[in-house]
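Novice: just need the structure, nothing else, for what follows:
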Amino acid sequence: MRAAPLSGDRGRLGEPDSDPVLLVAHGSRDPRAAEATRALARAVAAARPGPPVLASWLDHTQPDPAQALRQLAAAGHPRVVLVPLLLTAAYHRRVDIPAAVAAATRSGPPVRVRVTDVLGPAAAEVDPALLAGLRRRLAEAEPGRFDALVLAAAGTRDAAARGSVGRVAAALAVALDTPTRVSYASAAPPDVGVAVARLRAAGARRVAVAAYFLAPGLFHDAVTTTALTAGAVAVSAPLTDAPELVDLVLRRVGHEATPGRADRGDRGVLDL
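Specialist: The predicted model follows:
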């Protein structure tokens, strides 16, 4: 069951189920990534009948979030809940999304935007829905019995964002009672091949890889190839439109963002 929204939202932004939802993904040259985002938007819309649920992208695919916000405002929606489809609160959450919201509110009909937390850990706690989605995809990969796990993430230079990935790995280790290490596809070591090799050198006989990705693309393809070459027994698929990810999006829609990132502009841009 989704928790009720905080009372402050009701006064400022109306009932959370009355406002359209805009999903904002990173974007990729790989068309599979955009289709995965559209599939997630359709699944969220099916679980939340009523106001529209739209997809947008920061790069490579249209519409971008500023365009989508203007379209919603022009269609008569004075309020929008924006959900960043990001697993860490790094540069895209801190810079790109606030810039897109600001661009949308500088022209066109006024629109009040509530930006939620990212889908990864917003604070110390890892949402159970995120863990359940990762476990679902891992089970679907049919790894059999495994005695070590690598959580393979896209990568970031942001130390705090890497810390949040580490919290997910730690939570998976507890949930699965399995030693779990982190790897990155870019920007930070180790890569998945090194992580798998280290676990095997330490005595693990069957190492599985949980893909910490929202959508397929070049990074996930590279992780899969490298991990299997290094001896991993299986690599899970991205989360895409897993039921647990849909639930997580709905949880974000139903809650205010973590305090401490507010930037109230003169046109009512909220919770940045």
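
Novice: quick check: buried residues in stretch 50-62?
Specialist: Residues of stretch 50-62 classed as buried: 51-58, 61 (neighbour count, 16 or more other CB atoms under 10 Å). (Glycine included, C-beta is placed from N, CA and C.)

Novice: whoops, I mixed them up, stretch 187-195
Specialist: Using 16+ other CB under 10 Å as the test for burial, stretch 187-195 gives 188, 191-193, 195.

Novice: repeat that for stretch 103-119.
Specialist: 103-105, 111-119.

Novice: likewise stretch 154-162?
Specialist: For stretch 154-162, by 16+ other CB under 10 Å, it's 154-156, 158, 161-162.

Novice: how far does it stretch from start to finish?
Specialist: For stretch 154-162, the first and last residues are 10 Å from each other (CA to CA, to the nearest Å).

Novice: residues contacting that stretch, please?
Specialist: The contact list for stretch 154-162, computed with CB atoms under 8 Å, 6 or more residues apart in numbering, reads 87-91, 182, 184-188, 212-213, 219.

Novice: secondary structure element for the most far-flung residue of the chain relative to its centre?
Specialist: Here the centre of the chain is the reference, and by CA atoms, centre = their mean the most remote residue is Gly203, at 32.8 Å. According to DSSP states H and E, Gly203 maps onto no helix or strand at all.

Novice: now Arg252
Specialist: Going by DSSP H and E, Arg252 is in helix 243-253.

Novice: for that helix, give the mean pLDDT please.
Specialist: Helix 243-253 shows a mean pLDDT of 96.

Novice: assumed Gln67 was part of a helix.
Specialist: Yes: assigned with DSSP: H, G, I helix; E, B strand; the rest coil, Gln67 falls within a helix.

Novice: check what pLDDT it gets.
Specialist: 95.

Novice: tell me how many other residues surround it.
Specialist: 14 (other CB atoms under 10 Å).

Novice: spit out the contact partners of it.
Specialist: Here Gln67 is in contact with 56, 104 (CB under 8 Å, 6+ apart).

Novice: over to Ala152?
Specialist: 183-185, 192, 195, 209-213, 223, 227, 235.

Novice: ok, of those residues, which one's closest to Gln71?
Specialist: The nearest member of those to Gln71, counting by CB to CB, is Phe213 at 28.0 Å.

Novice: find the nearest non-adjacent residue to that closest one, please.
Specialist: Once flanking residues are discounted, Phe213 sits nearest to Pro238: 4.0 Å by CB to CB, 6 or more residues apart in numbering.

Novice: can you check Val24 too?
Specialist: With sequence-adjacent residues excluded and distances taken as CB to CB, 6+ apart, Val24 is closest to Pro65, at 4.8 Å.

Novice: pretty sure the one you found sits against Leu54.
Specialist: No: judged on CB atoms under 8 Å, Pro65 makes no contact with Leu54 at a distance of 9.6 Å.

Novice: overlap in contacts of the two?
Specialist: With CB under 8 Å, 6+ apart, Pro65 and Leu54 have common neighbours Leu22.
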